[in-house]
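Q: Got a sequence here, can you model it:
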Amino acid sequence: MADEWFPFDNLTINKLTHQRSLMSESVQIILGIIFLVGVYALTRYGIVWRMKRAGAFLLKDLERRGAVDPESAVQLPYAKKSFLRIGMRDFRPKALESLVQSGIVGKTEGGEYFLKKRPEELTL
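A: Numbers count the residues shown, from 1 in each chain. As a prediction, the model looks like this:
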């Protein structure tokens, strides 16, 4: 008699509980996918940011060394990727390759590098 005021029977309660748990699982899956997409986007952004920093470092280093034409070109110790990587990833070789391909930095036949464009001419 005490349960007469409660309008649902046990079967209805089980159906409602099951529907609610399915919805929460769907929401969890959607939130998980959104989280993974967000993490992926942030890592891509971080890589682009580190590549830009490495490129700016390379331009400053070449300018500091006075490598402004093929005659004053210099060897760069970080121009080649090392096979034994210890620590954080080094973006300088990839950034240097990108700068050479874009025509900002030149490379001589001897493997030396120089600035083709002045850093003042560039918009970074």
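Q: Run through the protein and note the low-pLDDT ranges.
A: Scanning the chain for pLDDT under 70 picks out 1-23, 81-87, 119-124.
Q: any chance you could map the helices in it?
A: For the chain, the helices defined by DSSP state H occupy 10-65, 92-101.
Q: Highest mean neighbour count out of the ones you listed?
A: Neighbour counts (mean count of other Cβ atoms under 10 Å) averaged over each of those peak at helix 92-101, with a mean of 17. (Glycine included, C-beta is placed from N, CA and C.)
Q: got the angle between that helix and helix 10-65?
A: In terms of direction (axes from the mean of the first three to the mean of the last three Cα atoms, to 10 degrees), helix 92-101 departs from helix 10-65 by 70 degrees.
Q: Which other helices and strands does helix 92-101 contact?
A: With contacts taken as 3 or more Cβ pairs under 8 Å, 6 or more residues apart in numbering; DSSP states H and E, helix 92-101 sits against helix 10-65, strand 105-107.
Q: Let's see that with 6 Å instead.
A: Packing contacts for helix 92-101, counted by 3 or more Cβ pairs under 6 Å, 6 or more residues apart in numbering; DSSP states H and E, involve helix 10-65.
Q: from the middle of its chain, how far away would the helix it packs on be?
A: Distance, stretch centre to chain centre, for helix 10-65: 12 Å (Cα atoms, centre = their mean, to the nearest Å).
Q: Ok, stretch 93-111 next?
A: Worked out by Cα atoms, centre = their mean, stretch 93-111 lies 21 Å from the chain centre.
Q: Leu76 - how many residues pack around it?
A: Number of residues near Leu76 (other Cβ atoms under 10 Å) recorded here: 20.
Q: Please list all residues in contact with it.
A: Tyr113 (Cβ atoms under 6 Å, 6 or more residues apart in numbering).
Q: Go again with 8 Å.
A: 58, 61-62, 96, 113 (Cβ atoms under 8 Å, 6 or more residues apart in numbering).
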